[in-house]
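Novice: what's the 3D shape of this:
(one chain, ligands or ions: 1)
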Amino acid sequence: MIQSLSNTCTACGADEVSDFVSERSVPFIGFDRQRGAVRVAVRGCKCGACGFAWHTPEQLEAVTEPVVVAMGSAAPSAIRAARERRSWSQRDLSRVTGMPEPRIARIEGCQAIPTLAEDEALRRALELGDRGSAAAST
Ligand SMILES: [Zn+2]
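Specialist: Predicted structure coming up:
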């Protein structure tokens, strides 16, 4: 995980940055309105000089993806992989699903959790299998 670290502190500019990992329980409300929680290893960066701690975008994606999957949605990484296997752009996938292109970008980037209808549209377009089944790709 060293390669995903930025080497300088975003607060004070010192280069004494190390990474840390803490296991946390992340709560969520599923589509059936049931409350759930998933345990996730949360990685972050911490400055040895000023103590500032932050997460890189990659580290945040790694936290969001297991939550999205626990809610029953297709994994964002599986959506992206299946789209790229077809040599589709996000615009192509937008045309097939009828979903706005920025929305697809946010879902693939773990910045948005798909709705039930969006998840079903993405699964249908990319042949990712039914909800609740294991992700069709690795
Ligand atoms: Zn610092």
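Novice: what's near enough to touch the residue of the chain positioned farthest from its centre?
Specialist: With distances taken from the mean C-alpha point of the chain and given as Cα atoms, centre = their mean, the most distant residue is residue 49, at 30.1 Å. Contacts were defined as Cβ atoms under 8 Å, 6 or more residues apart in numbering; by that measure residue 49 touches 9, 12, 14, 16. All C-beta spots, glycine's among them, are computed from the backbone N, C-alpha and C.
Novice: can you get me a residue count around the second one?
Specialist: Look at residue 12: counted by other Cβ atoms under 10 Å, it has 12 neighbours.
Novice: just give the nearest non-adjacent residue to residue 71, would you?
Specialist: Sequence neighbours aside, residue 30 is the residue nearest to residue 71 in space, at 5.2 Å (criterion: Cβ to Cβ, 6 or more residues apart in numbering).
Novice: okay, now the one you found: neighbour count?
Specialist: 13.
Novice: filter the contacts of residue 49 down to the buried ones and hand me the PyMOL line.
Specialist: Entered in PyMOL, the line below selects the buried ones among the contacts of residue 49, by 16 or more other Cβ atoms under 10 Å:
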select buried, resi 9
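Novice: can you list the residues of the protein near the ion?
Specialist: 9, 11-12, 14, 47, 49-50, 52 (Cβ under 5 Å from the ion).
Novice: please narrow these to those residing in strands.
Specialist: If you go by DSSP state E, the residues of the chain next to the ion have residue 47 in strands.
Novice: coming back round to it: of all the contacts of residue 49, which two lie farthest apart?
Specialist: Between any two of these, the greatest separation by Cβ to Cβ is 9.5 Å, found for 12 and 16.
Novice: what is in contact with the two at once?
Specialist: Counting by Cβ under 8 Å, 6+ apart, the contacts common to residue 12 and residue 16 are 47, 49.
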